[in-house]
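Colleague: output the structure for:
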Amino acid sequence: MKPGAAERARARQRRFEELVTRCEQLRPGGLGFDELRELARLYRAHVVTLSRARERGHDPEAVRTLNALCVRAYTHLVPTSPSGADEAQRSGRLLRALAATWRPQLLAWSTLALGILLGAALVDGDPRAVHSLIPAGLGYSAEGLERLVASPEARAEFFERRETPAATNILFGSMLFANNTRVGLLAFATGLLAGVPTVLLQVYNGLVLGGFLWIFFQDPWPVAFLAWIMPHGVPEFTAICLCAAAGLVLGGAVLLPGRRTRSQALRAAIDPALLLVGASIPFFVLAALIESFVRESALGSGPRLAVAALMVALVLGMLVAAQRANRRLRVETSWLQELAGPLPPVTGASGGQRPGASRISR
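Modeller: Numbering: from 1, shown residues only. Here you go, the predicted structure:
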C-alpha cells in the first residue's frame, strides 16, 4: 500500500473509532444524522478491509484491533434480537418510565402532602374532627382516639414494645399487603376518569395521615412515633404514590391528549403507567413485612429508625438511578440499514461468526 493511501486508511480508522466511542457514550447531543450515516459507511468499509486482512494474513494484532472495533460498531448499527439482555432492557424501561413521569409523581406526592396539611389543620382547629378523619375500620375506637388526643400517658402506652407470634405476624402482613394493594390499584384504575378520583383519594389518604400525625406531634419530641410510622410508612406511601402517579398518567392522556386522539394517547400512556404499578409491588411487599415484623416487635427506636433510613435510601437510590438512566439516550439506528444498504455481519473476537450472520466474501 502506498504511503499516502496508508495514511488515509489510518485516518479513516481513527475517525471510525471516534464515532463508535461517541455512540457508546449515548449522551444527549451525541451523533447527528450525518455522523450516523458516516458511521454506517465506515463500518461497511472496515468490514471489507477486515475480511481481506484475514485472507491475506496481515498483522494478527492489527486484525484483532480492527475486528474488535467492527464488533463494537455492529452492536449499535444492527438491531439486536431478544436474548438474555432482555432483563436489563426491561429494567432500563422501568427506570426511564420513572424518570419520564416525574410530574405525575410530584403531583401525587403534592396532593398527599396537601391532604396531610389539611387534616392536621382541621384537627388543630377542632380536636373532635379526628373522629371524622380516622375511620373506625383502621382499628381505633372513639374512646381510644379521645385518650390519645388528651393524654400523653396514653400516647406513651401506645408505643409499648410487645413481641407477637410469627403466625400472627404473617397473617397480619398478608392482610396489610392486600389492603394497601387495593388502595393503590384503586388510585391507578380511577385515573381513567381524568385523574380526578385519584387526586381525591390522595387528598383523603393525606387527611387521615394528617389527623394521625397531629395527635402525636403534640409531644415536644415524638421520636417514638417517628420510629413507629417511618419504617413501614416510607415504602407504603411510596408505593401508593407510584400507583397514584400511574393513574394520573392515564388521566393526563384522557384530559390532555395533545395532537393525538384520546385512544392514541391512552395507548401511549398504558406502558409507563403499568411500569409504575409494577414498581410499586415490591414496596407494598416491603411495607407489609416491616409493618408486621418490625413495627409489631420489641425493637427499640434506634433499630427502627435505621430501617426507616434504609428505606429512604432505597427510594432515593431508585430515583437517582432513574435520572441517570434517563440521561443515556437510546439511539434508534435501524433506519440506517435502508440508508446505507444491508450491513454485513462481523465475526466475534474468537473468530466464529455472530449468530445469524453469513460469511463475508470479497
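Colleague: isn't Lys108 right up against Ala239?
Modeller: Not Lys; residue 108 is Ala. No - using Cβ atoms under 8 Å, Ala108 is not in contact with Ala239, being 11.0 Å away. Placement of C-beta: from N, CA and C, glycine included.
Colleague: between those two, which one's more packed in?
Modeller: Here Ala108 and Ala239 are set side by side on neighbour count (other Cβ atoms under 10 Å), and the busier one is Ala108, at 28 against 25.
Colleague: what strand or helix carries the more buried one?
Modeller: helix 102-125 (DSSP states H and E).
Colleague: with only the CA atoms kept, save the helix or strand following that helix in PDB.
Modeller: Counting by DSSP H and E, the element after helix 102-125 in chain order, helix or strand, is helix 130-133. C-alpha atoms of helix 130-133 as PDB (Å, rounded to 0.1, in the frame of the first residue of the first chain):
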ATOM      1  CA  VAL A 130     -60.200  13.400  64.500                       C
ATOM      2  CA  HIS A 131     -63.200  11.100  64.700                       C
ATOM      3  CA  SER A 132     -64.300  12.100  61.200                       C
ATOM      4  CA  LEU A 133     -60.900  11.800  59.700                       C
END
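Colleague: for helix 130-133, which residues meet the burial criterion?
Modeller: Residues Val130, His131, Leu133 are the ones in helix 130-133 that count as buried (16 or more other Cβ atoms under 10 Å).
Colleague: could you export those as a markdown table, including pLDDT?
Modeller: A markdown table is the format used below for the buried residues of helix 130-133 (pLDDT from 0 to 100):
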| residue | pLDDT |
| --- | --- |
| Val130 | 88 |
| His131 | 86 |
| Leu133 | 88 |
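Colleague: and of those residues, the nearest to Glu160?
Modeller: Here the nearest of those to Glu160, counting by Cβ to Cβ, is Val130; it sits at 21.5 Å.
Colleague: tell me who's in contact with the closest one.
Modeller: Contacts for Val130 (Cβ atoms under 8 Å, 6 or more residues apart in numbering) come out as Val123, Leu145, Val149, Gly211, Trp214, Ile215.
Colleague: distance check, it against Arg72.
Modeller: Distance, Val130 to Arg72, using Cβ to Cβ, to the nearest Å: 64 Å.
Colleague: give me the below-cutoff pLDDT ranges for this protein.
Modeller: Along the chain, the parts satisfying pLDDT under 70 run over 1-3, 26-31, 79-91, 137, 139, 327-362.
Colleague: how about the helices of it, start to end?
Modeller: Taking DSSP state H to define them, one finds helices in the chain at 3-25, 33-55, 60-77, 86-100, 102-125, 130-133, 142-150, 152-158, 166-189, 196-216, 223-255, 262-290, 301-327, 336-340.
Colleague: winner for burial among those?
Modeller: Of all these, helix 223-255 has the most neighbours on average by mean count of other Cβ atoms under 10 Å, namely a mean of 24.
Colleague: so what secondary structure elements neighbour that one?
Modeller: The contact analysis (3 or more Cβ pairs under 8 Å, 6 or more residues apart in numbering; DSSP states H and E) places helix 223-255 against helix 102-125, helix 166-189, helix 196-216, helix 262-290, helix 301-327.
Colleague: give the other helices and strands that the last one contacts.
Modeller: In this case it means helix 301-327. The contact analysis (3+ Cβ pairs under 8 Å, 6+ apart) places helix 301-327 against helix 86-100, helix 223-255, helix 262-290.
Colleague: mind putting these in a markdown table, distance to Val47 included?
Modeller: Output for these, formatted as a markdown table (distance: least, Cβ to Cβ, whole Å):
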| stretch | distance to Val47 |
| --- | --- |
| helix 86-100 | 26 |
| helix 223-255 | 44 |
| helix 262-290 | 36 |
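Colleague: looking at these, spot the one closest to Val320.
Modeller: With Cβ to Cβ as the measure, helix 86-100 is the member of the helices and strands packed on helix 301-327 nearest Val320 (10.0 Å).
Colleague: in space, what's closest to Leu94 - neighbours in sequence excluded?
Modeller: Excluding the flanking residues, the one nearest Leu94 by Cβ to Cβ, 6 or more residues apart in numbering is Leu275, at 5.1 Å.
Colleague: I meant Thr111, not that one.
Modeller: Gln202 (3.9 Å).
Colleague: same question, Ala194
Modeller: Take Ala194 and drop its neighbours on the chain: the residue closest to it by Cβ to Cβ, 6+ apart is Leu255, 4.6 Å away.
Colleague: pretty sure the one you found contacts Leu192?
Modeller: No - contact criterion Cβ under 8 Å: Leu255 and Leu192 do not qualify, at 10.6 Å.
Colleague: list the contacts for the residue nearest to Leu94?
Modeller: Shown in contact with Leu275 (Cβ under 8 Å, 6+ apart): Arg93, Leu94, Ala97, Leu98.
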